[in-house]
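1. structure here, sequence nowhere to be found:
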């Protein structure tokens, strides 16, 4: 599914940008072949920057070699992106060169008189500063939401509401101790003798008492305290291994439950006794907790840092500007944080928990879209600035002209992607809805920041400095 949606979305972005430039050129040159050639030449820097960052954004997933599923995404999706890139750079111009001057090709519109630019608005220093301040406000709100985000492991949010299984789950949680449904387990192997030896049993009781003293733990069952079960069920057939069944008060998959499982794990690992060869924590909650820790480690320590550095390098080389990779990352970061904030706060109004992996799933989607849309606008702003470099207020004029020329396309493409993700909000489970809120919110904010708020404002204020060292060509 990811392969198909990514290929379709990026292919539409690349081709749409070429078509936009063609519609400008055909009105000027009156020759579809020349117009297609010029459209491709002028589109290439933006598409090269966008596609290279798209490939990098997915290819770095291969660094998550602990998770074969994620690593496979890093191997397959970049190939699909390169395929749609090749089609966009060859088939689209060829189609335009052949049929671009035909009325039926553009029906019900026409391009003879040229496309009237979107009026947009005129950028002045005051407006630019105001737009940057608006970005800072949005970034502050998003940063607060991300820093206070506490994700849950309660995967019941993916259960369709109204089903018998969902109602039974909710009834159990409301009637019985939540931890009774999914106990936490400690598996132990004795060093010498058997579990039934008095010294070993005494140490098992001490370990159980250590665990029961942790706030939030209701009861620890095992061979020392089997409850209604035969005590033999807690011991292996060779009498060398045992397990403890830990009932906790909060739901094991809630944020509070996962934090409690961490405390239990720490207590068990700190327990020192020559009686036990090893002690291991198990159960659904413990497994989910370890997946979270491993994924967070892979993403925040390997995938994201490496990806961001490579993307900055790709944008810098594509546009020959050290700022070309920094400015898009600011818009992407703000949009990403707003998306996560919305996805964590809106479900909370209905008493539903936010899933712990929402920040991880939101970032790649916002990153890919944000780099594309920033590239489209920045390429046009650089082109417009090159025509009037050195004139007073050139940065504001160029940014305004770029808004008139290309921002409507960027916003339109962004709204298509936003609408696609918004459809998830109509899902039957809160888990799907949360994904829709995070992705739609993140993509929409990033699109608006890239097309009409932060990127135009900061480029207008910086002027030619934003394009150093490329700007040295204009002086020559």
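-> Received the coordinates, thanks. Worth saying up front: this structure is predicted, and the values here are computed from it rather than measured.
2. next one: the closest residue to residue 321 other than its chain neighbours from residue 394, what distance?
-> Leaving aside its chain neighbours, residue 321 sits nearest to residue 467 (4.8 Å; criterion: CB to CB, 6 or more residues apart in numbering). Any C-beta I mention is one placed from the backbone N, CA and C, and that applies to glycine too. Residue 467 is 11 Å from residue 394, where distance means CB to CB, to the nearest Å.
3. try residue 36
-> 30 Å.
4. so the two - more neighbours on which side?
-> Shown here are residue 36 and residue 394; by other CB atoms under 10 Å, residue 36 has more neighbours (25 against 19).
5. excluding chain neighbours, give the residue nearest to that one in space.
-> In this structure, residue 36 finds its nearest non-sequential neighbour in residue 97, 3.9 Å apart by CB to CB, 6+ apart.
6. can you tell me the element the one you found falls in?
-> helix 68-99 (DSSP states H and E).
7. list the buried residues for that helix?
-> 70-71, 73-74, 77-78, 80-81, 84-85, 88-89, 92-93, 95-97 (16 or more other CB atoms under 10 Å).
8. off-centre distance for that helix?
-> Helix 68-99 has its average C-alpha position 21 Å from the chain's average C-alpha position, going by CA atoms, centre = their mean, to the nearest Å.
9. what mean pLDDT does it get?
-> Model confidence over helix 68-99 averages 88 on the pLDDT scale.
10. per-domain residue ranges of the protein.
-> What automatic domain parsing lists as the domains of the chain is 117-148+320-476, 164-282.
11. what's the neighbour count on residue 291?
-> Other residues near residue 291 come to 15 when the count uses other CB under 10 Å.
12. next SSE downstream of the helix or strand harbouring it?
-> Secondary structure here is read from DSSP H and E; on that basis residue 291 sits in helix 284-298. Scanning forward in sequence from helix 284-298 by DSSP H and E, the next helix or strand is helix 304-319.
13. what's the angle from the helix or strand just after that following helix to helix 304-319?
-> Once helix 304-319 ends, the next helix or strand along the chain (criterion: DSSP H and E) is helix 326-349. Interaxial angle, helix 326-349 versus helix 304-319 (axes from the mean of the first three to the mean of the last three CA atoms, to 10 degrees): 140 degrees.
14. and the next helix or strand past helix 326-349?
-> The C-terminal neighbour of helix 326-349 among helices and strands, as given by DSSP H and E, is helix 358-388.
15. residue 186 belongs to a helix, doesn't it?
-> No - applying DSSP: H, G, I helix; E, B strand; the rest coil, one finds residue 186 to be strand, outside a helix.
16. dump the residue contacts of it.
-> Counting by CB atoms under 8 Å, 6 or more residues apart in numbering, residue 186 touches 207, 211, 243-244, 246, 264, 268, 279-282.
17. flag every buried residue along stretch 392-406.
-> Of the residues in stretch 392-406, those with enough neighbours to count as buried (16+ other CB under 10 Å) are 394-406.
18. now that stretch: mean pLDDT?
-> 92.
19. in the stretch 1-150 of the chain, which spans are helices?
-> Using DSSP state H, counting those that start in this stretch, the helices of the stretch 1-150 of the chain run over 2-29, 32-59, 68-99, 103-106, 125-147.
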